[in-house]
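# Test case, fold it:
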Amino acid sequence: MTPTRWLLATAVVVPLAAVAGWLLLAPADDSLATQQRGGVLRAIAVSPDGGEVATANDLGMVDVGLGPAVRSFTPTRRLFDGHTGKVRGLAYTPDGKLLASGGDDHTVRLWDAATGAAVHTWQPSAKAVECLTVSPDGVWLAAGGADRAVHLLHVADRKPSHTLKGHAKHVHAVAFGTDGKAVYSGSEDGAIRAWDRAAGTLVREVSAGKHHVHALAVSPDGRRLYAATGGPGLQAWDLPGLTPAAVRFDGAGLARAVAVSPDGRTLATVHEDKRVRLWEAAGGPAARVLRGHRAMPLGVAFAPDGRTVFSAAADGTVKRWAAGQ
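Next up, the predicted model:
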């Protein structure tokens, strides 16, 4: 039997119903539901079928729970336990069979997404892994971190490829182009670099205005790169030339993560002010500012249908939001 949950608000104790492990919230919260997972949540990923939401925390664990496509009323969660430090990056392979995680123990770990069994452990360097991603075709994994480089791994045969060097500080963000041929990296040195994945060479470098680059995302059509940064918060460049895009996103403020909807029309960002913001890709002010987190959110992801956004925060909570108006 699902236990009764309680919310203390304005000195009144109110019982809340639990549906598939998600607590229904008071009207003052803009989110649809929340789930307490524990630890500081630093990354979030939604499985390709939308059935599960994975989060990574400071306790060295990857926590996988139900996502928006699941209709069961019985909560189901699995802990992938193996990291010995903070886990900072998460990514599913496009077929949903593997989940990759990376963290402060200097390792990238591949897990069987269905069972939680460890499949492979890779140590790209002797320093922390702070971000990772998988190419759209599932062939390559890229990981960046405290050694100021991006490392490439062939997923199927588990063999490392090129190491992309040149950033002056930690690499916090990495993304593939839609064809998997280009790799983009962002650093706290304020630079965004475009690399030729096959050759392992630098193609172009641009500046985010001396602001830390916290996250990168490529639009589904491969024509635009978005960056969550300090200062202006959300910036954009046109691809493949990595030239400044003719759009502005007004009033963002420091952003910690960015995600693009599957149709490319909506962006989601999370911010130092504890807000989740939804933007039209055409630019302008935020279309919606979503309130509810009690601590700074550090990760954000769309469900595959584009109708739901998930965010993960430093207080250990995951929130689910409606992406539409």
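# partner residues bridging Val108?
With DSSP bridges as the criterion, Val108 is bridged to Gly102, Trp122.
# residues contacting the residue nearest to Val87 when sequence neighbours are not counted?
Distances taken as Cβ to Cβ, 6 or more residues apart in numbering place Ala56 nearest to Val87, at 3.6 Å, with adjacent residues excluded. C-beta coordinates here come from the backbone N, C-alpha and C atoms, glycine included. Taking Cβ atoms under 8 Å, 6 or more residues apart in numbering as the contact definition, Ala56 lies against Leu41, Arg42, Ala43, Ile44, Val62, Asp63, Val87, Arg88, Gly89, Leu90, Ser101, Gly103.
# Just the local confidence number for the third one, please.
In the prediction, the pLDDT value recorded for Ala43 is 96.
# How many neighbouring residues does it have?
Burial measure for Ala43: 28 neighbouring residues, criterion other Cβ atoms under 10 Å.
# The one 5 residues further on now?
Residue crowding around Pro48 was assessed by other Cβ under 10 Å; the count is 16.
# Work out the sheet partners of whatever helix or strand the residue nearest to Val87 lives in and label each with its direction, please.
The secondary structure element spanning Ala56 is strand 52-57 (assigned by DSSP states H and E). Strand 52-57 has the following sheet partners, assigned by DSSP bridges: strand 41-46 (antiparallel), strand 61-66 (antiparallel).
# Any stretches of the stretch 201-325 of the chain with poor pLDDT?
Across the stretch 201-325 of the chain, the stretches falling below the confidence threshold (pLDDT under 70) are 325.
# go with 80
Counting by pLDDT under 80, the stretch 201-325 of the chain shows low-confidence ranges at 252, 324-325.
# thinking Ala217 is in contact with Val174, fair?
No. Under the criterion of Cβ atoms under 8 Å, Ala217 makes no contact with Val174, lying 10.7 Å away.
# Neighbour count for these two, which is higher?
Neighbours per residue (other Cβ under 10 Å) separate Ala217 from Val174, with Val174 holding more: 29 against 24.
# Of all the strands paired with strand 52-57, which one comes closest to Ala303?
strand 41-46 (5.5 Å; Cβ to Cβ).
# what does the closest one contact?
Residues contacting strand 41-46 (Cβ under 8 Å, 6+ apart): 52-58, 67, 86-92, 99, 101, 298-304, 310-314, 316-318.
# what pLDDT, on average, does the strand holding Ala56 get?
Strand 52-57 carries an average pLDDT of 93.
# how far out from the middle of the chain is it?
On the basis of Cα atoms, centre = their mean, to the nearest Å, strand 52-57 is displaced by 10 Å from the centre of the chain it belongs to.
# which residues does the closest residue to Ala146 other than its chain neighbours contact?
Nearest residue to Ala146 in three dimensions, chain neighbours excluded: Lys127, at 3.8 Å (Cβ to Cβ, 6+ apart). Taking Cβ under 8 Å, 6+ apart as the definition of contact, the neighbours of Lys127 are His106, Gly145, Ala146, Asp147.
# One more pass at 6 Å, please.
Shown in contact with Lys127 (Cβ atoms under 6 Å, 6 or more residues apart in numbering): Gly145, Ala146, Asp147.
# Isn't the first one up against Glu130?
Yes. Contact status for Gly145 versus Glu130: in contact at 4.1 Å, counting by Cβ atoms under 6 Å.
# C-alpha coordinates for the strand or helix carrying Ser311, CSV please?
The secondary structure element spanning Ser311 is strand 308-313 (assigned by DSSP H and E). As requested, C-alpha coordinates have been extracted for strand 308-313 and formatted as CSV (Å, rounded to 0.1, in the frame of the first residue of the first chain):
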residue,chain,number,x,y,z
THR,A,308,6.4,17.2,-20.5
VAL,A,309,9.6,18.7,-18.9
PHE,A,310,11.5,17.2,-16.0
SER,A,311,13.9,19.1,-13.8
ALA,A,312,16.3,17.9,-11.0
ALA,A,313,17.4,20.1,-8.1
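# And stretch 113-131, what's buried?
Burial within stretch 113-131, assessed by neighbour count using 16 or more other Cβ atoms under 10 Å, is assigned to Ala113, Trp122, Pro124, Ser125, Ala128, Val129, Glu130, Cys131.
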